[in-house]
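> Take a look and give me a structure for this.
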Amino acid sequence: MEEKELPIIDIRMAMSQVDDDYEFLIELLQDFLEDIAKKEFEKENYDKEIQELYAAKEKAEDTVIVLRKISKRAHAVKGSAMNLGLSRVARDATLLEAMCNSYADAPSKLDKDFSNNDAGLR
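Coordinates of the predicted model:
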């Protein structure tokens, strides 16, 4: 069975969250995008965390700390996206959060996966 693609935004759900106040929804969406761009996933910070994760792969404790940081950010994005009806963003943030938590719970699995995909992660 073919999976139906999620809408970028579930407008009915999003409008129900703001009591059908379209202008307020637009304001919230703009705030969300600004927060993502400025605070949460600023490219330099994200790249730095990915490089820290790669460098920390030899130290399980450091790896877990970095994974938990990324998971926490993904969780925050997921919650905001769900409240705004951003279905795909929420889905992807959910997957990222789950992946980070899975690796944080079993750092040896991360080492194995890094070894198998080493070229693609640099």
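
> In the one helix or strand Ala90 maps to, which residues are buried?
Per DSSP states H and E, Ala90 falls inside helix 87-105. Of the residues in helix 87-105, 87, 89-90, 92-94, 96-97, 99-101, 103-104 count as buried by neighbour count, 16 or more other CB atoms under 10 Å. For every residue, glycine as well, the C-beta is placed using N, CA and C.

> which element is Val77 on?
helix 60-83.

> Give me the distance between the two termini of stretch 102-110.
9 Å (CA to CA, to the nearest Å).

> and that stretch, how far from the chain's centre?
Relative to its parent chain, stretch 102-110 has a centroid offset of 17 Å by CA atoms, centre = their mean, to the nearest Å.

> got any ranges where the chain has weak pLDDT?
For the chain, applying pLDDT under 70 flags the ranges 1-3, 39-47, 49-50, 52-61, 111, 114-122.

> Show residues contacting the helix holding Ala90.
6-10, 63-64, 67-68, 70-71, 74-75, 77-78, 81-82, 109-110, 113 (CB atoms under 8 Å, 6 or more residues apart in numbering).
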